[in-house]
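[1] Following is a predicted model, sequence given first.
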Amino acid sequence: MDDPSDTHPQVARLQLDLLRQSSPARRLQLMASMSALVIGLSRSNLEQQLGDAQSAKVEWVRLHYGSKMAQGLISCTRPSRF
């Protein structure tokens, strides 16, 4: 089966070698950065679809953490009556 990557195999090997040589702190930094990027893109997509940032936040939480957590977020973000 062919590799679906558009990265040249030599470049992919070099990237992997560099990643293996990186310190654990650098690897953690890269992982956190990529995670933040993916989460941001996911939330931006939902905001585009729903047209509202707050609704997108709640929907993102519902999709990834469940309805109960989303309901908790809604109740925490409602203005207080007092």
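    Happy to help now that I have it.

[2] Would you mark the buried spots in the strand or helix carrying Ser75?
    Element membership for Ser75 (DSSP states H and E) is helix 67-77. Residues of helix 67-77 classed as buried by neighbour count (16 or more other CB atoms under 10 Å): 70, 73. C-beta coordinates here come from the backbone N, C-alpha and C atoms, glycine included.

[3] Which elements pack onto that helix?
    helix 53-65 (3 or more CB pairs under 8 Å, 6 or more residues apart in numbering; DSSP states H and E).

[4] Can you dump the C-alpha atoms of the helix it packs on in CSV for me?
    The C-alpha atoms that make up helix 53-65 are tabulated as CSV, following Å, rounded to 0.1, in the frame of the first residue of the first chain:
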residue,chain,number,x,y,z
ALA,A,53,-18.8,32.0,19.6
GLN,A,54,-20.6,31.1,22.8
SER,A,55,-22.7,28.4,21.1
ALA,A,56,-19.6,27.0,19.5
LYS,A,57,-17.8,26.7,22.8
VAL,A,58,-20.7,24.8,24.3
GLU,A,59,-21.1,22.6,21.3
TRP,A,60,-17.3,21.8,21.3
VAL,A,61,-17.5,20.8,25.0
ARG,A,62,-20.6,18.7,24.3
LEU,A,63,-18.9,16.9,21.4
HIS,A,64,-15.7,16.2,23.3
TYR,A,65,-16.8,15.9,26.9
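
[5] Quick one: residues in contact with that helix.
    39, 42-43, 46-47, 49-50, 69-70, 73-74, 77 (CB atoms under 8 Å, 6 or more residues apart in numbering).

[6] Turn those into a markdown table, columns for distance to Gln10 and pLDDT.
    Compiled in a markdown table, these are given as follows (distance: CB to CB, whole Å; pLDDT from 0 to 100):
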| residue | distance to Gln10 | pLDDT |
| --- | --- | --- |
| Ile39 | 32 | 94 |
| Ser42 | 32 | 95 |
| Arg43 | 36 | 93 |
| Leu46 | 38 | 96 |
| Glu47 | 39 | 95 |
| Gln49 | 40 | 96 |
| Leu50 | 43 | 94 |
| Met69 | 45 | 94 |
| Ala70 | 46 | 94 |
| Leu73 | 46 | 90 |
| Ile74 | 51 | 90 |
| Thr77 | 50 | 77 |
